[in-house]
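Chemist: Turn this into a model:
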Amino acid sequence: MPAKREEKALLEFKHAVDDVVRLLRKASEAQTVYLYWVNRQRGQFVLETSSTILQNVMFEDRVGFEAHYLDGYKDIEQITQLKVQEDVPKDALKHYHEHIPVRFLTLVPFTNNGETVAVTVIETEEQISTTELEETLSAYRNALLNLLNTYLELTDLYEVQREWPDYEESLEKLSPRLHKVENIKILVEEMQKLLPSGDVLIVARGMDSWVSLIGSKKGTSVTSPGLMVEEKSMAYDALQKGTAQFSMHFNQNPKRISSLESDTRGATLAIPVLINDRRHAVVLAYDKNPLVFKESTKHQLKNVVRVASLSIQVHLGKIGVDEDLLTSEYGSFIPEMWEYGLEVMIANAGKTERKGWFGFAGVENAAELRSRFRLETLKKLQKLIVKKLNPAASGYSGYIGFNSDYIYSFLLYSEDENEYAEWKKSVEKIFAEPLELIDGQKAEVSIKMGSVYVDGPGADIHDVMDSAKEELSAAMKENVKDEGNN
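Modeler: Numbering: from 1, shown residues only. Modelled structure (predicted):
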């Protein structure tokens with residue numbers, strides 16, 4: 001909603017409430033009438049307006065629940081009358097200075113969706129008859145409700161008027177002329193704009209499994225990348241059914257991707273990416289606030305995915321039946337994808353307790369393997385190496401990327417600072433035994449690793465990559481030195 005129009009609508013709403021409260025004071029012949037909103041999120045009573053004929057009255061704009069006499073009445077649903085000194089001590093009426101002329105308080109609650117959201121207080125010298133004022137009080141409550149609804153409808157209308165042009169601009173950014181990963185980047189960031197307290201996560205096939213890859217740079221980073229999709233998760237259902245799946249989460253269920261998720265709240269829309277009628281990925285759009293997912297918002301989210309899918313399809317043409325969208329021929333994710341993942345890792349560093357490592361794994365005895373096996377066997381061997389390196393398959397959060405033949409990148413995520421060291425040990429254990437190929441041949445593969453801890457959003461992606469390459473090079477040289485000393 002444009003700022004000036006929003007300010008104008010809010011100002012008109014406040015003026016109208018002022019007038020209604022003033023009319024209530026005159027109709028009830030009260031000394032003072034005031035309206036407090038009950039802000040449960042902040043634990044405060046927030047003054048909207050007041051009207052009085054007295055000179056010694058001054059209200060605080062915001063008062064903590066525990067510091068206000070209304071604290072015991074913030075959940076009332078019926079009109080309640082109190083007597084000063086008997087029900088409310090005189091010194092609790094802190095808005096009066098020196099003399100307190102009123103003896104009776106009539107509390108008029110305003111409820112919405114079963115919750116008291118405001119309390120109007122009518123202060124009088126003599127006790128008023130709620131029966132005689134029933135029509136007046138009913139008219140007041142109805143007027144307040146109508147004013148609030150009109151204001152909300154007006155602001156919502158302005159929001160909708162702005163929402164659709166923004167949505168059209170988002171769609172126009174997607175293009176068949178762009179690389180598939182560029183379209184995915186646009187998809188993620190444009191969808192994120194519709195999820196103020198949520199995130200967008202891409203799930204794709206690679207390393208002979210389905211795994212979560214990348215979230216948004218501006219998202220909440222609730223769900224970790226690098227998780228393997230489990231049955232009965234929302235990502236799994238969307239892939240199985242080929243249609244968008246929406247669900248609110250109760251008691252941390254259903255899971256978006258995996259039982260290893262640390263936080264599953266709010267609601268999620270899981271949207272499959274269909275290219276040439278084949279399911280190549282799933283986009284998970286989630287938000288802590290389920291009310292974000294209006295029907296119009298769901299439509300926009302699904303349509304962004306649909307237009308991105310069509311743009312990628314036109315750009316690529318026909319994709320092979322056994323070809324994955326975002327991987328190399330060995331099942332590791334293409335450089336454009338893992339570099340984007342590293343960008344997001346750097347941008348989100350420090351947002352949560354989750355830590356990130358980036359590095360390279362290299363086959364130290366690649367020359368020996370090349371001389372021993374045929375090309376087709378070497379391709380199968382590299383696929384097997386990628387599958388064995390897959391952190392998600394061993395219970396860790398991460399994935400493997402393609403850098404060059406026999407050199408693989410990896411991204412690893414965890415709240416445990418010892419995770420990389422533990423994963424590295426598990427890799428060494430896996431490759432301590434020869435790998436067995438389909439035809440029964442065995443290959444001894446020596447893997448060396450080098451990594452850097454991604455600890456700040458200000459890091460330069462090229463510096464991080466160069467540091468990781470230096471770490472791998474040092475690991476390779478260290479082994480050569482050890483062999484020379486034996």
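Chemist: now the strands for the stretch 351-486 of the chain?
Modeler: In the stretch 351-486 of the chain, the segments counted as strands under DSSP state E, counting those that start in this stretch are 355-363, 397-404, 407-414, 435-436, 442-443, 447-454.
Chemist: Quick one: closest of those strands to residue 148.
Modeler: Smallest distance to residue 148 across those (CB to CB): 44.5 Å, for strand 407-414. For the C-beta atoms, the positions are set from N, CA and C on the backbone; glycine is no exception.
Chemist: Just the pLDDT for residue 249.
Modeler: Here the pLDDT value assigned to residue 249 is 88.
Chemist: Using the three-state scheme, assign the residue nearest to it when sequence neighbours are not counted.
Modeler: Nearest non-adjacent residue to residue 249, counting by CB to CB, 6 or more residues apart in numbering: residue 264, 5.0 Å away. Put simply, residue 264 is coil when judged by DSSP: H, G, I helix; E, B strand; the rest coil.
Chemist: got a list of what residue 264 touches?
Modeler: Residue 264 sits next to 223, 249, 252, 253, 254, 255, 256 when contact means CB atoms under 8 Å, 6 or more residues apart in numbering.
Chemist: ok, 6 Å please
Modeler: Residue 264 is in contact with 249, 252, 255, counting by CB atoms under 6 Å, 6 or more residues apart in numbering.
Chemist: again, but for residue 311
Modeler: Taking CB under 6 Å, 6+ apart, we find residue 311 in contact with 174, 175, 176, 183.
Chemist: The same query, at a cut-off of 7 Å, please.
Modeler: By CB atoms under 7 Å, 6 or more residues apart in numbering, the residues touching residue 311 are 174, 175, 176, 178, 183.
Chemist: Out of these, flag the one nearest to residue 415.
Modeler: Distance to residue 415 across the contacts of residue 311 (CB to CB) is lowest for residue 183, with 31.9 Å.
Chemist: returning to that earlier point: please flag which of the contacts of residue 264 sit within strands.
Modeler: Applying DSSP state E to those, no entry is found in strands.
Chemist: Please, a ChimeraX command that selects the buried ones among the residues you listed?
Modeler: Restricted to buried positions by 16 or more other CB atoms under 10 Å, the ChimeraX selection for the contacts of residue 264 reads:
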select :249,255
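Chemist: Let me see the ranges of the helices in the stretch 51-200 of the chain.
Modeler: Assigned by DSSP state H, counting those that start in this stretch, the stretch 51-200 of the chain shows helices spanning 134-173, 180-192.
Chemist: Could you tell me the least trusted of those helices?
Modeler: helix 134-173 (a mean of 75).
Chemist: deepest of the helices of the stretch 51-200 of the chain, which one?
Modeler: Most buried of the helices of the stretch 51-200 of the chain by mean neighbour count (mean count of other CB atoms under 10 Å) is helix 180-192; its value is a mean of 22.
Chemist: I'd like to know which elements it is packed against.
Modeler: Under the contact criterion of 3 or more CB pairs under 7 Å, 6 or more residues apart in numbering; DSSP states H and E, helix 180-192 touches helix 134-173, strand 198-206, helix 295-316, helix 335-348.
Chemist: can you give me the angle that helix makes with helix 335-348?
Modeler: Relative orientation of helix 180-192 versus helix 335-348 (axes from the mean of the first three to the mean of the last three CA atoms, to 10 degrees): 30 degrees.
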